[in-house]
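S.K.: Fold the following, please.
(chains A, B and C)
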Amino acid sequence: MHIAVEHLTKRFGSVCANDRLTVSFAAGQIHGVLGENGAGKSTLMKLLSGYIQPDEGRIVFNDMPRRLRGPGDALAAGVGMVQQEPLDIPAFTVLENLLCAAPPGIFRSRRAAQTALLELAGRLGFPVDPAARLDQLTIGQRQQVEIMRLLLCGAQVLILDEPTTGITAAQARALFAALRQIAAEGRTVLFVSHKLEEVAELCHTVTVLRNGQVVPPGQLPMPQPQEYLLVLMFGESGAAPPIYRPLPAIDAPPVWELRNITVRSGALHLVELNHRFPAGRIIGLAGLDGSGQQVLLRLLAGQQAPDRGQVLVNGRDLTGAGALAFRQAGVEYLPADRLHDGMIGALSLADHFALLQRDGLLVDRRRAEELARQAIADYQIKATPVTPIASLSGGNQQRAMLALIPPTACGILAEQPTRGLDVASARAIWSRLQARRDDGCCIIFSSPDLDEIMEYSDEVIVCFAGRIGPPIPRALLSASRLAELIGGVGFDALVNVAR
Amino acid sequence: MDQLWIDLAAVLAAAAPLVIAAMGETLSERAGVINLSLDGTMLLAAMTGFAVALTTGNLLLGFAAAALVGAAIAAVLGLFSLTLGQSQTAVGFVLALLCTDLSSFLGAPFVRVPGPAVPFTPIPALADVPVLGTLFFRHDPVIYASFLIIPATAYLLYGTRLGLIVRALGERPAAVYARGIDVIRWRYAMLITGGALVGIAGAAFSLDLKQGWSYRHTFGAGWIVLAIVIFGGWRPWRVALGCYLFAVLEIVATRSQSALPNFPTQIIQVAPFVLMIFVLALVNLASSPAAMRRAATLPQIWQRPLLGAINRLRATAPAALGQPFERP
Amino acid sequence: MRTDRLKLVASLTRPVLALVAAFALTTLALLSTGVSPLEAYRLVLFGAFSTPVRLSDMIMLAAPLLLCAVGLSITFAGGLYNLGVEGQMIAGAIAAMVPLRLWPDWPPLLLWLLSGLSGATGGVVWALLIGALRQYANVSEIFAGLGMNFLASGLALYMVLGPWRRQTSASLSGTDLLPRDLWLPTIDRLRLAPAAPLIALLALAVVWWALTKTRWGLEVRAVGLNPAAAGRLGVAAARRMAETLAACGALAGIAGMLQVVAVHHALIPNISSGIGLLGLLVALLARADPRWLLPIAVAFASFTVGSIQLPLTLGIDSAIAGVLQGALVLFALVARARVR
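M.R.: Below is the predicted model:
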């Protein structure tokens, strides 16, 4: 099926995620869709598969304009999307999951469905056990099941969102072979990624998104020179020479020390972690979603205990002591979802300062309001001390969260500290964090935005498929090299050199 | 020996309303909605069913009215929680109290009025089969219905495409939505179907098991059913077993009244519910991660049967039970 | 200006609509019985204020009701549905009987103190068992609470029919009456023990103060609103939840003690009379804002007391008070719904 979008626009608040996109994808080919995180790839794919609806513009399947009110409409029209975490039912078996809400008339019986599944699995080279429960399978296996389900339900267009995240190399090879087979049978495959190698290996065409627009307008045939694609993805600045900032030598003991850590979280299995995180540094964690950054942050915040090994904070062994003990030792954790687990939406900034008071029977409201007023002035928060946090803008919430870090904190863990913020707010947040670093804090942050990592980190740690790389001084790193590393290019060599 | 079979038949009969209500609640909880109003719903439906059957002289109309009441209360719960986004717990609880009082108020003219009852209808030929006849074929239609509804519910949930959707609604509604199903509408449908069954269960009290109507006629049966559904791990056969165990305990309590003249046996009447919560807590404790870790240190010979037993007993709630649905 | 006024109108419309809907439902129920709704409302709404005796009956109902509702506003602030309040009240009543029966000759003042202390302890134990079931055995506080309610009423039955049965013969109507000098001082003609409402008001003041002024109260509210974020900000969330249960248990226990020494003057099987669950309605309606508890508790108590005359004067059942109470809370919940 041939699919096209015309002047497609989608806004989230003030952010224009897709800005008058016009592009088309021919049948029987694999189309790469490249772009850094936040470039608008996911939005476009969700629009195509009916999860969200466009503000303007239209979607055209085989020259017929379509209004997709939900993913059911899209699948009925022949478009199926495989999410990063497949939208299946973990408590079901593979066969039950296939039969659940399948379009009427497709499978006459359980047995027919099983035969069709096994036949397709054989054709695509996916080993599958129809009676296995999905929650016993790996992400890679569930992804295979989801691909087969969509095809059996009549998908002519298959959209895969960062499909190689969280799966093994062997599974990726099997996936690529299957996708080639699917395209050869005349179907359309949209392969969303920011791993250049994969797109180069697999795709017939490539579409590069940047800031919600296609650059240059229209599709490009593959192959293309890698450097050219990198410039398209990250802009000219991405290729600019790095500004050299020498790191001061530090004698102070490390804020965190990990000794022989082994930890398992979901499908990720981190082994043999030995790291020291010194004071007075900003360390950026780069990597695709789910490559291990979150696990590392949770480990350092005390929210997850390691299976083996020790976690030391300022030289004290806090292994398994719980998040409260880490916090008392000076570790502050800033979650990405500010209102879900960062702050309490219904309470005001003054209430939050009051919550931080540690002694006295009564709330010292005057003191709390004084601190709140102080913070509002210092951090330029647009609020009064008694405004509920939930009614602040994202940038102001983030500033409030920073203002609430106690002065005694020595280690700050920030998950996507500028998520959803405009440029000015992001810059303001960073000047605060840099000030804390200069006071001797160790700041570790994760961000999907490589520009942010390149701009603000003193050292960069790359996470790839559950492996944590050695810290690389920012001065020795270029944007293109970082983009390669998070895609796994040269990662092994990096780890070996460090050894 | 014969007495034993007669006693067992009495247990099967006494559990009938519980079974019907529990199957209804299992359906709606499997679809992800807790109907906490059960106790009030059963009372109001019992009263309505009795009043309608009495005034019209038609038992079927009585049951239909009771089903309608149950469905209507479920629809109100759906409107307030699924559509208007209020907590299922809060709305369900308030409805439980409100409907209880409504039943007392509207039912006042019918208290202890003699009325129609479902007639005893042994099934010809089958009723004379030794043992089986006594157990299963010497009852009335409501009790036969309670026998049939268990395999029917199990078949619906585990044997049909519809059941796959219902279970998926309670496990991962986002996945059902991705398959083009209207989650809210389907949850309404299951909630209302379940509510209608609960209503019928209420009428089974007033038109059959405890014929007539009086103040708080069903004695907390709704709360008991809610606990039994959890106890039964949301699986129809196990839930039904829970209902029958409960009926056994109840009958033991009544019987022991004459056997132990000096012991205040009223206490035994509260025991079933307490026992059920106690067992539930024990099972949960045994399947907690800490207990599993400890079990892993035991010698191999003990480990396998122990873990097997725990796994069999463990009841996992539908993953999305009680949570509002938000589009992915 | 204009939008402000519109907002004000909008904010008033919803509660008014809820009120109208609640009365509409109740009126419908009344009409079905054929009596004049106006006559019935006159009794339900104002009947409690018609004679001094009824007024004092209302006060003696409002006191334990307020105590339970105040306790429940703590657990609601902490994000818990404490359906076990009924059992905590019964446990409190049983525990409160213990010193009264053990040492009936001790000075009454000391005995009341001991009895109150013992009642509060009984409630706390019952509540903490729920907390333990929730924390360690993963049983939701709703069903743990219901189970503990059944257990408590079983225990009350056992005490009434067993160890504490009447000297003449065991009776479901309760234990022997307490010696007259152990009754909380009562104004005879009115059946009014002034200490009871005073204790309830004191509890309201203390809890209002604790929830709004103390660090503990702030932490409890933070845990109730968002346990994850409260934990991140350094609050011991699980501990605070257990403490709210204990606090509610203590207040419900004292309510149970008042039922014994100030109302029934004996232990009866139905010593809690559904006051705990009615307290849940009060607390739900007040939305954990202590300022609303007193007026709502008084209103609900007066509905209940006023409706007692209905069967005699109009020949209809008194449960209409419960219908009105439930409908008010139900529609108030909707009035708070955000429209999507």
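
S.K.: For the nearest residue to B:Ala152 once chain neighbours are set aside, the count of nearby residues, please.
M.R.: Distance criterion CB to CB, 6 or more residues apart in numbering or on different chains; nearest residue to B:Ala152, sequence neighbours excluded, is B:Met23 at 8.0 Å. (Each C-beta comes from the backbone N, C-alpha and C, glycine too.) Number of residues near B:Met23 (other CB atoms under 10 Å in any protein chain shown) recorded here: 27.

S.K.: Run a quick check on B:Met23 versus B:Leu197, I expect a contact.
M.R.: Yes - applying CB atoms under 8 Å, one finds B:Met23 in contact with B:Leu197, separated by 6.0 Å.

S.K.: re the thing from before, quick one: contacts for the residue nearest to B:Ala152?
M.R.: By CB atoms under 8 Å, 6 or more residues apart in numbering or on different chains, the contact set of B:Met23 is B:Ile149, B:Ile150, B:Ala152, B:Thr153, B:Leu197, B:Pro236, B:Val239, B:Ala240.

S.K.: C:Trp103 now?
M.R.: Residues counted as contacts of C:Trp103 (CB under 8 Å, 6+ apart) are C:Leu111.

S.K.: circling back: any idea of the pLDDT on the residue nearest to B:Ala152?
M.R.: With respect to pLDDT, B:Met23 scores 97.

S.K.: and it, what element?
M.R.: In this structure, B:Met23 sits in helix B:16-30 according to DSSP states H and E.

S.K.: okay, and the common contacts of B:Met23 and B:Leu197?
M.R.: Shared contacts of B:Met23 and B:Leu197, defined by CB under 8 Å, 6+ apart, are found at B:Ile149.

S.K.: Run a quick neighbour tally on the residue of the stretch 151-300 of chain C found nearest chain A.
M.R.: When distances are taken as CB to the nearest CB, the stretch 151-300 of chain C reaches nearest to chain A at C:Ala228, 3.7 Å away. Counted with other CB under 10 Å, the burial measure for C:Ala228 works out to 16 neighbours.

S.K.: Help me confirm that C:Leu294 comes into contact with C:Leu204.
M.R.: Yes - using CB under 8 Å, C:Leu294 makes contact with C:Leu204 at a distance of 6.1 Å.

S.K.: any shared contact partners between those two?
M.R.: C:Leu66.

S.K.: and the lowest-mean-pLDDT helix or strand in chain C, how far out from the chain's middle?
M.R.: None of the helices or strands of chain C scores lower by mean pLDDT, DSSP states H and E than helix C:2-33, at a mean of 82. With CA atoms, centre = their mean, to the nearest Å as the basis, the distance from the averaged C-alpha position of helix C:2-33 to the chain average is 26 Å.

S.K.: Tell me the buried residues in that helix?
M.R.: Within helix C:2-33, the residues that qualify as buried by neighbour count (16 or more other CB atoms under 10 Å in any protein chain shown) are C:Ala18, C:Ala21, C:Ala22, C:Phe23, C:Leu25, C:Thr26, C:Ala29, C:Leu30, C:Thr33.

S.K.: Can you name the element that comes right after it?
M.R.: In the C-terminal direction, the helix or strand that comes right after helix C:2-33 (DSSP H and E) is helix C:37-46.

S.K.: shaky segments in chain C?
M.R.: C:1-4, C:6-7, C:10, C:288, C:337-340 (pLDDT under 70).

S.K.: If we use 80, what do you get?
M.R.: For chain C, the stretches with pLDDT under 80 are C:1-12, C:169-172, C:188, C:287-289, C:336-340.

S.K.: Quick one: end-to-end length of stretch A:460-477, please.
M.R.: 9 Å (CA to CA, to the nearest Å).

S.K.: Quick check: buried residues in that stretch?
M.R.: Counting neighbours by 16+ other CB under 10 Å, stretch A:460-477 gives A:460-469, A:471-472, A:474, A:477 as buried.

S.K.: of all the residues you listed, which comes closest to chain B?
M.R.: Proximity to chain B was ranked across these by CB to the nearest CB; first place goes to A:Gly466, at 22.3 Å.

S.K.: What is the neighbour count of the closest residue to chain C within the stretch 101-250 of chain B?
M.R.: Here the stretch 101-250 of chain B gets closest to chain C at one residue, B:Asp101, 2.9 Å apart by CB to the nearest CB. Applying the criterion other CB under 10 Å, we find 25 residues in the vicinity of B:Asp101.

S.K.: excluding its backbone neighbours, what's nearest the residue of the stretch 151-300 of chain B found nearest chain A?
M.R.: The shortest separation between the stretch 151-300 of chain B and chain A is 1.7 Å, found at B:Gly180 (distances taken as CB to the nearest CB). Closest residue to B:Gly180 apart from its sequence neighbours, by CB to CB, 6+ apart: A:Gly72 at 1.7 Å.

S.K.: Then C:Leu129?
M.R.: Nearest to C:Leu129 is C:Met148, by CB to CB, 6+ apart, at 6.0 Å.

S.K.: how would you label that neighbour: helix, strand or coil?
M.R.: The three-state label given to C:Met148 by DSSP: H, G, I helix; E, B strand; the rest coil is helix.

S.K.: wait, it sits on C:Leu128?
M.R.: No - the pair C:Met148 / C:Leu128 is not scored as a contact, 10.3 Å apart, by CB under 8 Å.

S.K.: When the two are compared, which one has more neighbours?
M.R.: More neighbours sit around C:Met148 than around the other of C:Met148 and C:Leu128, counting by other CB under 10 Å; the figures are 28 against 17.

S.K.: Let me know whether stretch C:153-171 sits next to chain B.
M.R.: Yes - for stretch C:153-171, a contact with chain B is found by CB under 8 Å from any CB of the partner chain, at C:Ser153, C:Gly154, C:Leu155, C:Leu157, C:Tyr158, C:Val160, C:Leu161, C:Gly162, C:Ala170.

S.K.: And the helices in the stretch 51-200 of chain C?
M.R.: Taking DSSP state H, counting those that start in this stretch as the test, the helices found in the stretch 51-200 of chain C are C:52-77, C:85-102, C:108-137, C:141-161, C:195-213.

S.K.: which stretch among those helices comes nearest A:Thr319?
M.R.: Between A:Thr319 and these, the tightest spacing by CB to CB is seen for helix C:108-137, at 23.4 Å.
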